[in-house]
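[1] Everything below, folded, please.
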Amino acid sequence: MEQFILDTSLFVNPACRKQFGKTPETAVTGFIKKAKTKKSKAEFYMPPLVFKELSHFAEKGASKLSTIVRKRAPNLYGIYIPAPILYSFIEDVRHRINKGLRVAEEFAQDNQPDNKIKLNKLRAKYREAMRKGMVDSREDLEIILLAYELGAIIVTSDEGMIEMANKIGVQWIEAERFGALLNAL
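    Purely as a prediction, here's the structure:
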């Protein structure tokens with residue numbers, strides 16, 4: 001039986017959710033319908049923090065999701081990640097901090113008068129420098145750790161989670177393709 005750890009991107013990201021519905025609520029409902037037919041071939045998990053995050057986007061759908069998705073937190077004290085993973089993570093964070101600092105310095109040196117445009121540009125560049133391609137939340141980390149612990153497959157479109165999953169040997173599938181995988185089970 002396949003085990004899948006679901007990320008909120010499956011229901012929230014427009015490119016991912018369209019296989020199940022147009023809105024987060026309808027995507028959750030569509031997923032439940034499809035997942036119920038595959039119940040004997042697949043188990044679905046979501047850490048409590050991720051479930052809570054999804055509840056902000058699809059409150060009614062999230063309560064229905066409890067009928068098919070198991071809530072489980074990773075055993076934080078029983079999981080050991082090799083030291084080189086942590087080492088490379090710290091190096092990546094240091095690199096990103098320096099990159100973010102350069103973005104802020106560029107903003108401070110720019111003498112253009114339209115502050116609103118500058119702030120929007122700063123936010124976009126800073127977000128790109130600091131967050132893109134890295135695990136940047138406890139929710140993301142819990143998904144990775146739970147998948148590592150269970151030997152399960154992560155369902156996500158988050159580049160940072162995919163990169164970390166590759167480093168520690170966890171399977172993953174792009175959330176955009178998950179509907180097709182469910183049909184194939």
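[2] Next secondary structure after the one helix or strand in the chain whose mean pLDDT sits lowest?
    Using mean pLDDT, DSSP states H and E, helix 115-130 stands out as the lowest-scoring helix or strand of the chain, at a mean of 74. Sequence-wise, the next helix or strand downstream of helix 115-130 (DSSP states H and E) is helix 138-150.
[3] so how far is the strand or helix carrying Ala108 off the chain centroid?
    Assigned by DSSP H and E, Ala108 falls within helix 83-109. Chain-centre distance of helix 83-109: 21 Å, with Cα atoms, centre = their mean, to the nearest Å.
[4] any residues touching the host helix or strand of Phe11, and which ones?
    In the assignment (DSSP H and E), Phe11 maps to helix 9-12. Here helix 9-12 makes contact (Cβ atoms under 8 Å, 6 or more residues apart in numbering) with 16-17, 20, 24, 27-28, 31, 54, 57-58, 61, 155-158, 175, 178. C-betas here are computed from N, CA, C, even on glycine.
[5] Give the buried residues for the least confident helix or strand of the chain.
    Within helix 115-130, the residues scored as buried using 16 or more other Cβ atoms under 10 Å are Lys121, Leu122, Lys125, Tyr126, Ala129.
[6] isn't the third one right up against Val103?
    Yes: checked against Cβ atoms under 8 Å, the pair Lys125 and Val103 is within contact range at 4.6 Å.
[7] Now do the shared contacts for these two.
    By Cβ under 8 Å, 6+ apart, no residue touches both Lys125 and Val103.
[8] Pretty sure Cys16 sits in a helix.
    Yes: counting by DSSP: H, G, I helix; E, B strand; the rest coil, one finds Cys16 located in a helix.
[9] State the number of residues packed around it.
    23 (other Cβ atoms under 10 Å).
[10] Pretty sure it sits against Asp158.
    No: Cys16 sits out of contact with Asp158 when judged by Cβ under 8 Å, with a separation of 10.3 Å.
[11] domain assignment for the chain?
    Following automatic domain parsing, the chain resolves into domains at 2-79+139-184, 83-130.
[12] So, low pLDDT: which residues of this protein?
    Applying pLDDT under 70 to the chain flags the ranges 38-39, 110-114, 129-131.
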